[in-house]
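Student: Mind folding the following:
(2 chains)
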Number of protein chains: 2
Amino acid sequence: MEEERHSLTRRRLLASAGVAGVGIGLGSAGYVVGRESAEDETHLDETVDFHGTRQGGIETPAQDRLHFAAFDLTIETADELRDLLREWSQAAAEMTEGRMVGTENNDLLAPPDDTGETVGLRPASLTVTFGLGPDVFEKDGRDRYGLHSKRPRALRQIDPLPSDVLDPTRSGGDLCVQACSDDPQVAFHAVRNLARLGRGAVVMRWSQLGFGRTSSTTRSQATPRNLMGFKDGTKNLRAEDTEAMSEFVWLGEGDDVPWMADGTYMVTRRIRMLIEIWDRSPLLDQEDTIGRQKYSGAPLGEKDEFDPLDLGARKNGKPVIPADAHVRLASSEANSGTEILRRGYSFTDGVVEELGELDAGLFFICFQKNPKTQFEAIQRRLGTFDALNEYIKHTSSAVFAVPPGASQGGYVGEGLFA
Amino acid sequence: MEEERHSLTRRRLLASAGVAGVGIGLGSAGYVVGRESAEDETHLDETVDFHGTRQGGIETPAQDRLHFAAFDLTIETADELRDLLREWSQAAAEMTEGRMVGTENNDLLAPPDDTGETVGLRPASLTVTFGLGPDVFEKDGRDRYGLHSKRPRALRQIDPLPSDVLDPTRSGGDLCVQACSDDPQVAFHAVRNLARLGRGAVVMRWSQLGFGRTSSTTRSQATPRNLMGFKDGTKNLRAEDTEAMSEFVWLGEGDDVPWMADGTYMVTRRIRMLIEIWDRSPLLDQEDTIGRQKYSGAPLGEKDEFDPLDLGARKNGKPVIPADAHVRLASSEANSGTEILRRGYSFTDGVVEELGELDAGLFFICFQKNPKTQFEAIQRRLGTFDALNEYIKHTSSAVFAVPPGASQGGYVGEGLFA
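Tutor: Next comes the predicted model:
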């Protein structure tokens, strides 16, 4: 009977693979997860290639859901780190293709390589983005893995910033995994299976779920609203603007250590919104705080969401967009022309016990060439002057070097060991 | 300028309402949230009527996302409780129709009635289901609101059960709100706005996010998998089976106190899965623990997911479905013929700090006519004998009486004050 079950299961999985269409490859090493009926082919069938010059999940149009995890390394040697990164890359490639992790999922006498909760689900545009924290290269003054000479030049801890209220147990980390997908179970599955593969090499330090827009048949182009009820991302960098992406996000040859070319840096900040206080503010105060109209998203004094910010506009002797408005202080103009690529998600993590208030806000993620001169410079200004500070708290902080993408058969971080 | 912004905003909202189709009503009291373009009409446009004989969110096909919240009452009188339930029902009706809460959302000098984060989002089949905990009727031996004579007969605290490891800060509660929607932001918005309306009357005690299947154009009929990788819900009661629903779920006349007719009882249990341990178990052990095949979902010894459970089948002198298998002990046959309607969601709440393990599992919700003779009886058997106990912990528990639905202009719980 067990043999029968074994082959039956395998046949079913292959049958399921048979109907899988768009962008789903059937590798010899595993079974396509596939979908169980062919009738509703949608954006959930889409895949994002794990391999490429640059890692996915950065320029990729933001998927609906996030599962982010930071890990601390418990290993002793660079070789073990290399093995982990290789194994993680292999598994990430399998999962982004919509396949199960590993080669052995039908042996009744062994634990399956894959945990199984995505069997029958679609790839849902999964991306898995890996990053390396500063402590990988030096911790407590020690070069833990003999990699100090390879340290990405701009990889430094984020300095304390005004209005930080950081929880150290939710900050930092040696490695990060950013899993984004249109299906939360697919994103969860990625983090879980990588954590599992990493047993003995890493311990999960913290993790964060996030949600954004909900796609239906097509990915809506409307700017999503954050939990303050405002459109968020109107002025964000666009992946199509390759010039700006080269200027502000992607490291070119000579920008940093050679192996980081086509990489970037990620900063994460868990920004709790004090929504009870926000919700008691008059609409005028909310709009003056942000510098935009709540419903249309237009800059104050303008008509349309995408009308340019006129920071010089005055009315009755006062600036139309107040001096301490968030959009003014976060603007390129106020920051010596610099920009960052934002890719955050909303979160809700239950109740702040002592207050009976919802613990909710924005899990802010941004990418840039240099966290010090980009994120930190902008946030130092915001943290000091931004009218929004009355309504938010930064409760976690982390920074990671994001290596270039892996080639077919290669792995993320390979340049570190060359 | 402010007047101009005011009317502009209003015009935009009405314009947005103009393209809203399927099942979206435009009430004079508020603005339809609507969608911003007419091009992708999908299941996200669907609405579930808040009004009706029975509350939504019970028989309603499970939406993709859950935001559940439990509240404690801080008010002194039954009149205040009635006012709260009336206000909550009104707001829930507005939100399920895809409208903003309240009448005033454009006055610049006042806080908007609605928090705004669903403007531009679709109704996404939102349901809001209200329940009343035992403490409403008697707490510490005191009849807090003079409602003791109206107490639903089967509303008693859940007794301690084998293998409970309950966190009291995540258990119980005077009132509950179960918000389900295909869009997590719509579910969050519902809980947040009800919490806001309840300020001064309630304090949030705990809340829980959950996720299930991810719908695309059509709601898939495939049984979703839980985080153990197994199909979960194959043998669940079906809403279409009205006879079974009457027998096990919906209170009829004479089943309980008269005002609860067409109501039911809800039990919630936060079931943490010890996934690290589970993931190290051989496939055979996993399947023997559940009593089903992992990939196909078929009962052990059968071929198809929906093949009947043959609890008497034996092979080589042993039962094919082990004596301690979950499906056997949870079956109707093992429980004197009783059943419950399950409607749970998977959850992930970050990391268990001391262990570095993912805090993940099933937020179990069930509905029944009598929690003592249904959920409790089943769970006492499961908690004692179920092979699954090695891999799970029940970390929270709550029970609520779920009153019948509200009529147009009425409110949930009205019968309590008649």
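Student: is any part of stretch A:124-138 close to chain B?
Tutor: Yes: Stretch A:124-138 lies within reach of chain B by Cβ under 8 Å from any Cβ of the partner chain, at residue A:124. C-beta: built from backbone N, CA, C; applies to glycine.
Student: count of residues packed around residue A:401?
Tutor: Using other Cβ atoms under 10 Å in any protein chain shown, residue A:401 has 29 neighbouring residues.
Student: Would you confirm that it belongs to a strand?
Tutor: Yes: assigned with DSSP: H, G, I helix; E, B strand; the rest coil, residue A:401 falls within a strand.
Student: Could you find the closest non-adjacent residue to it?
Tutor: Closest residue to residue A:401 apart from its sequence neighbours, by Cβ to Cβ, 6 or more residues apart in numbering or on different chains: residue A:152 at 4.1 Å.
Student: Confirm for me that that neighbour is in contact with residue A:400.
Tutor: No: taking contacts as Cβ atoms under 8 Å, residue A:152 lies outside contact range of residue A:400: 9.6 Å.
Student: List the residues that are in contact with both of those two.
Tutor: A:132, A:265 (Cβ atoms under 8 Å, 6 or more residues apart in numbering or on different chains).
Student: hmm, back to that, how much space separates the residue nearest to residue A:401 from chain B?
Tutor: Residue A:152 sits 26 Å away from chain B, going by Cβ to the nearest Cβ, to the nearest Å.
Student: So residue A:152 and residue A:400 - more neighbours on which side?
Tutor: Neighbours per residue, other Cβ under 10 Å: of residue A:152 and residue A:400, the larger number sits with residue A:400, 27 against 23.
Student: returning to what we had before: show the contacting residues for the residue nearest to residue A:401.
Tutor: Residue A:152 makes contact with A:132, A:137, A:256-257, A:260, A:263, A:265, A:401, according to Cβ under 8 Å, 6+ apart.
Student: try it again with 7 Å
Tutor: By Cβ atoms under 7 Å, 6 or more residues apart in numbering or on different chains, the residues touching residue A:152 are A:256-257, A:260, A:401.
Student: confidence score at it?
Tutor: Residue A:152 is assigned a predicted lDDT (pLDDT) of 98.
Student: before we move on, what about residue A:356?
Tutor: We have a pLDDT of 83 for residue A:356.
Student: Skipping adjacent residues, who's closest to it in space?
Tutor: In this structure, residue A:356 finds its nearest non-sequential neighbour in residue B:203, 3.8 Å apart by Cβ to Cβ, 6+ apart.
Student: For that neighbour, which three-state class applies?
Tutor: When classified by three-state DSSP, residue B:203 comes out as strand.
Student: Give the bridge partners for it, please.
Tutor: Beta-bridge partners of residue B:203, counted by DSSP bridges, are residue B:72.
Student: From residue A:358, how far off is it?
Tutor: With distances taken as Cβ to Cβ, to the nearest Å, residue B:203 is found 12 Å from residue A:358.
Student: more crowded one of those two?
Tutor: Using other Cβ under 10 Å, the more surrounded residue of residue B:203 and residue A:358 is residue A:358, with 25 against 17.
Student: Would you agree that one is in contact with residue A:274?
Tutor: No: at 10.1 Å, residue A:358 and residue A:274 do not qualify as touching, with contact defined as Cβ atoms under 7 Å.
Student: Name the helix or strand for residue A:265, please.
Tutor: Take DSSP states H and E as the rule and residue A:265 turns out to sit in strand A:264-273.
Student: which of the residues in that strand are buried?
Tutor: For strand A:264-273, the neighbour count (16 or more other Cβ atoms under 10 Å in any protein chain shown) marks A:264-273 as buried.
Student: Make a markdown table from those and add pLDDT and distance to chain B to it.
Tutor: A markdown table is the format used below for these (pLDDT from 0 to 100; distance: Cβ to the nearest Cβ, whole Å):
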| residue | pLDDT | distance to chain B |
| --- | --- | --- |
| A:264 | 98 | 26 |
| A:265 | 98 | 24 |
| A:266 | 98 | 19 |
| A:267 | 98 | 20 |
| A:268 | 98 | 14 |
| A:269 | 98 | 16 |
| A:270 | 98 | 11 |
| A:271 | 98 | 15 |
| A:272 | 97 | 14 |
| A:273 | 97 | 10 |
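Student: Is it possible to get the contacts of residue A:152 out as a markdown table so that each row also shows pLDDT?
Tutor: Putting the contacts of residue A:152 into a markdown table (pLDDT from 0 to 100) gives the following:
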| residue | pLDDT |
| --- | --- |
| A:256 | 97 |
| A:257 | 98 |
| A:260 | 98 |
| A:401 | 98 |
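Student: Tell me which of those fall in strands.
Tutor: Of the contacts of residue A:152, the ones assigned to strands by DSSP state E are residue A:401.
Student: from the contacts of residue A:152, which is closest to chain B?
Tutor: Among those, residue A:401 lies closest to chain B (Cβ to the nearest Cβ), at 22.7 Å.
Student: roughly how far apart are the closest one and residue A:49?
Tutor: From residue A:401 over to residue A:49 (counting by Cβ to Cβ), the distance is 22 Å.
Student: Check residue A:269 too.
Tutor: 29 Å.
Student: and the gap between the residue nearest to residue A:356 and residue B:403?
Tutor: Residue B:203 sits 22 Å away from residue B:403, going by Cβ to Cβ.
Student: Then residue A:345?
Tutor: 36 Å.
Student: Next up, the contacts around whichever residue of the stretch 51-200 of chain A sits closest to chain B.
Tutor: Chain B sits closest to residue A:116 of the stretch 51-200 of chain A, with a gap of 2.5 Å, by Cβ to the nearest Cβ. Residues counted as contacts of residue A:116 (Cβ under 7 Å, 6+ apart) are B:225, B:229, B:294.
Student: surely residue A:304 meets residue A:298?
Tutor: Yes: here residue A:304 reaches residue A:298: they are 5.3 Å apart, a contact under Cβ under 7 Å.
Student: Between these two, which is the more surrounded one?
Tutor: Shown here are residue A:304 and residue A:298; by other Cβ under 10 Å, residue A:298 has more neighbours (21 against 13).
Student: Quick check, pLDDT for that one.
Tutor: The model's pLDDT for residue A:298 equals 98.
Student: That one is in contact with residue A:290, isn't it?
Tutor: No: with contact defined as Cβ under 7 Å, residue A:298 does not count as touching residue A:290 (11.2 Å).
Student: Please identify every residue contacting each of residue B:203 and residue A:358.
Tutor: Counting by Cβ under 7 Å, 6+ apart, residue B:203 and residue A:358 have no contacts in common.
Student: My guess is residue A:212 contacts residue A:225. True?
Tutor: No: Residue A:212 is not in contact with residue A:225 according to Cβ under 7 Å; the separation is 9.9 Å.
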